[in-house]
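Enquirer: Here's my sequence, what's the structure:
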Amino acid sequence: NNKAGGHVGALVIQGHASMDLENAKISGNTATYLGGGVFFSNPGYGTLKNVEISENTAGTQGGGVYIGKNSRGELDNVTIRDNVAGKDYGGGLVNRGSVVIRNSKILNNEVKDGMGGGIATFKTASELLADDAGVFVENCVISGNKAGAQGGAINVHRGCPVYLTDCTITDNFAGLEGGA
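Expert: Below you'll find the predicted structure:
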């Protein structure tokens with residue numbers, strides 16, 4: 001139950017830092033802008049294993065997790081659920097770097113006035129040149145997420161690649177376009 005007047009409600013990984021977090025719960029945190037639960041920043045690297053990220057809020061982007069430019073996250077057996085972003089992108093997770101998500105669940109997240117209820121990913125043209133740019137999702141469930149505008153489950157903006165393998169995507173909703 002932490003609150004921040006700027007970025008990130010609970011956990012920041014930034015400035016060439018790295019962190020491994022295992023068997024943890026990040027819940028009930030609030031950030032005015034980005035990353036209600038976890039914030040990876042320019043650059044930051046982190047591995048989350050057996051972690052629940054739930055009931056966090058960000059005013060603009062990444063209710064649960066925000067992965068910024070030049071940053072990388074690896075999530076294994078992570079549940080991202082019931083997080084909210086007020087506007088812009090990503091109720092559950094925003095990716096502007098690179099993220100690998102395995103054996104995880106992204107459930108019941110919401111971006112009220114924006115895109116990507118579960119996952120939102122976007123990059124500038126120069127960021128797309130990075131070899132590892134993108135979202136890699138394997139053996140995951142993405143369900144019950146909502147976006148006020150586009151991409152209830154996933155929103156891909158500006159051509160950032162998304163790779164899905166053995167995933168179940170069901171019961172997501174978007175107010176304008178692309179429920180899935």
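Enquirer: doesn't residue 133 make contact with residue 96?
Expert: No: if you go by CB atoms under 8 Å, residue 96 and residue 133 don't touch, sitting 9.3 Å apart. C-beta: built from backbone N, CA, C; applies to glycine.
Enquirer: more neighbours, these two?
Expert: Set residue 96 next to residue 133 and count neighbours by other CB atoms under 10 Å: residue 96 wins out with 27 against 17.
Enquirer: tell me the contacts of the more buried one?
Expert: When contacts are counted by CB atoms under 8 Å, 6 or more residues apart in numbering, residue 96 touches 67, 68, 69, 71, 121, 122, 123, 127.
Enquirer: Show me just the buried residues among these.
Expert: Buried by 16 or more other CB atoms under 10 Å: 67, 68, 71, 121, 122, 123, out of those.
Enquirer: pLDDT wise, what is the fifth one at?
Expert: Think residue 122. As summarised for this prediction, residue 122 has a pLDDT of 81.
Enquirer: Show me what it is bridged to.
Expert: Judged by DSSP bridges, the bridge partners of residue 122 are residue 157.
Enquirer: quick one: contacts for it?
Expert: Residue 122 sits next to 89, 95, 96, 155, 156, 157, 158, 160 when contact means CB under 8 Å, 6+ apart.
Enquirer: Apply 6 Å and report the result again.
Expert: Residues near residue 122 by CB atoms under 6 Å, 6 or more residues apart in numbering: 157, 158, 160.
Enquirer: how close does the residue positioned nearest the centre of the chain get to residue 123?
Expert: Using CA atoms, centre = their mean, the residue of the chain that lies closest to the mean C-alpha position is residue 93, 1.0 Å off. Residue 93 is 15 Å from residue 123, where distance means CB to CB, to the nearest Å.
Enquirer: elements contacting the helix or strand harbouring residue 52?
Expert: Take DSSP states H and E as the rule and residue 52 turns out to sit in strand 44-54. Counting contacts by 3 or more CB pairs under 6 Å, 6 or more residues apart in numbering; DSSP states H and E, strand 44-54 packs against strand 17-27, strand 72-76, strand 79-81.
Enquirer: could you dump it to CSV, C-alpha only?
Expert: The C-alpha coordinates for strand 44-54 follow below in CSV (Å, rounded to 0.1, in the frame of the first residue of the first chain):
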residue,chain,number,x,y,z
GLY,A,44,16.7,-1.6,-16.0
TYR,A,45,16.7,-5.4,-16.0
GLY,A,46,14.7,-7.7,-13.8
THR,A,47,13.5,-11.3,-13.4
LEU,A,48,10.3,-12.0,-11.6
LYS,A,49,9.5,-15.6,-10.6
ASN,A,50,6.4,-16.8,-8.7
VAL,A,51,5.2,-13.2,-8.1
GLU,A,52,1.7,-11.8,-7.9
ILE,A,53,1.2,-8.2,-9.0
SER,A,54,-2.3,-7.2,-8.1
